[in-house]
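Enquirer: Mind looking at a prediction? Sequence and model below.
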Amino acid sequence: MPVTTVTRTYLELAKGIAPPLAPPKPGTAWRPLDATAWRETRQLYLEVGADYAWHDRLPWPEAQWAQLVASPSTRVFVLDVDGQAGGYVELSQVGTAVEIAYFGLKDFAQGRGLGRWMLERAIAEAQSMGAERVWLHTCTLDAPAALPNYLARGFQEVRTETYTVDLPAA
């Protein structure tokens, strides 16, 4: 397995900042998943994260997925594009802070301006949960458009860290 150096950037949205919510793109729909939708959440994690080395949850048993999605502190939303799931976001609340824990688009939905709209919706959902602080992290393994999208929506870098990871050979 090749060892890769990764930079992780932590970002935070300043209190009171809410980017304008643009109207949805034609052919898109935003839907929350209910507390029983762990299978769909797991499938989206696998599909969206496949290209970005999302591997921390790969060994999770079904019961752990079910527990995550049923937690009152977790909310999952799906962006449907032309009738199929094109991306998803997972929000995790601790007190008055909401983390955008997972956020991503499938390949077919990228490059269409949907990441901006989806992030604006995720921020609005986090703020509707009573968030005084919305935060996330991204890394150099994520899509190249991720960090610029976060910064353009008002997030500010608060710290970075560098680490190495063993990636499976392509």
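Expert: Right, received. Where do you want to start? Just so you know, these numbers come straight off a predicted model, no measurement behind them.
Enquirer: quick one, helices of this protein?
Expert: Shown for the chain, the helices assigned by DSSP state H span residues 38-49, 62-70, 114-128, 146-152.
Enquirer: and of those helices, who's closest to T9?
Expert: T9 sits nearest to helix 146-152 of all these, at 6.4 Å, using Cβ to Cβ. (Glycine included, C-beta is placed from N, CA and C.)
Enquirer: Can you tell me which of the helices of the chain is most buried?
Expert: Of those, the one with the most neighbours on average (mean count of other Cβ atoms under 10 Å) is helix 114-128, at a mean of 20.
Enquirer: That helix: how far from the chain's middle?
Expert: Offset of helix 114-128 from its chain centre (Cα atoms, centre = their mean, to the nearest Å): 10 Å.
Enquirer: Which strands or helices does that helix pack on?
Expert: strand 28-32, strand 74-81, strand 84-94, strand 97-105, strand 133-139, helix 146-152 (3 or more Cβ pairs under 8 Å, 6 or more residues apart in numbering; DSSP states H and E).
Enquirer: What average pLDDT does the third one get?
Expert: Throughout strand 84-94, pLDDT has a mean value of 97.
Enquirer: can you list the residues that contact it?
Expert: By Cβ atoms under 8 Å, 6 or more residues apart in numbering, the residues outside strand 84-94 that reach it are 28, 40-41, 44-45, 48, 73-81, 98-106, 108-109, 114-115, 118, 121-122, 125-126, 129, 131.
Enquirer: Could you do the fourth one as well?
Expert: For strand 97-105, the surrounding residues in contact (Cβ under 8 Å, 6+ apart) are 45, 48-49, 52, 54, 74, 79, 86-93, 114-115, 118-119, 122, 126-127, 129, 131-136, 142-143, 146.
Enquirer: Can you point out the buried residues in that strand?
Expert: 98-105 (16 or more other Cβ atoms under 10 Å).
Enquirer: quick check: mean pLDDT across that strand?
Expert: pLDDT averaged over strand 97-105 gives 96.
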